[in-house]
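Visitor: Any chance you could fold what I've pasted below:
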Amino acid sequence: MLTIRTKELEQRLEDDQETQSFEVKCPIPWDHKSLAKAVIAGSSLEVHIRALCVKHGVVTHVAGKPKKADTMNADLKKESVYGGLEQKQVTSWLALRNSAAHGKYSDYVASDARGLIDGIQTFAVKYPA
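Guide: Okay, here's the model as predicted:
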């Protein structure tokens, strides 16, 4: 069971000036290492997707703001850099990364992090930037 402990630093309450602490318990047995692996692997995937866009002349910014990874993924598929199955797989990996990063622990299990890493490595070799 993953327990996240946080302490509100120097928060002054109206009636009392104690610092409060609280716990949030995660119902899924994620461990800190698996969470970190999923977030880091997903971030690496986003960097790779952006690099593929640059390599293939796909726009990575709109109105001065960077495009979202999922949008760039769709653009790469439209440009036939890779096919529809690869696009769906990348979408799935990005969703796993987002769930791990945003505390949606019930979306995936910790062992999915290993599959994420292996899949991204294979993808990066198959589609080098």
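
Visitor: Low-confidence ranges, the chain, go.
Guide: Where the chain drops to pLDDT under 70, the residues are 1-32.

Visitor: just so I have it, where are all the strands in it?
Guide: For the chain, strands defined by DSSP state E occupy the ranges 3-7, 21-25, 61-62, 65-66.

Visitor: which residues sit against the longest helix belonging to the chain?
Guide: Scanning the chain for the longest helix, with DSSP state H as the assignment, gives helix 32-55. Counting contacts by C-beta atoms under 8 Å, 6 or more residues apart in numbering, the residues outside helix 32-55 that touch it are 2, 58-60, 66-67, 69, 72-73, 75-76, 81, 90, 93-94, 96-98, 100-101, 108, 110-114, 116-117, 120, 123-124, 127, 129. (C-beta placed from N, C-alpha, C; glycine too.)

Visitor: Narrow these to those that are buried.
Guide: Buried members of the contacts of helix 32-55, counted by 16 or more other C-beta atoms under 10 Å: 2, 58, 67, 69, 72-73, 75-76, 81, 90, 93-94, 96-98, 100, 108, 110, 112-113, 116-117, 120, 123-124, 127.

Visitor: Chain neighbours aside, what residue packs nearest to Ala100?
Guide: Leaving aside its chain neighbours, Ala100 sits nearest to Ala38 (3.8 Å; criterion: C-beta to C-beta, 6 or more residues apart in numbering).

Visitor: Off-centre distance for the longest helix of the chain?
Guide: From the chain centre to the centre of helix 32-55 is a distance of 7 Å (C-alpha atoms, centre = their mean, to the nearest Å).

Visitor: list the contacts for the spatially most central residue of the chain?
Guide: In the chain, the centroid-proximal residue (C-alpha atoms, centre = their mean) is Arg97; its distance is 2.4 Å. For Arg97, the contact set (C-beta under 8 Å, 6+ apart) comprises 38-39, 41-43, 45-46, 116.

Visitor: Narrow those to those that are buried.
Guide: Among the contacts of Arg97, those classed as buried by 16+ other C-beta under 10 Å are 38-39, 41-42, 45-46, 116.
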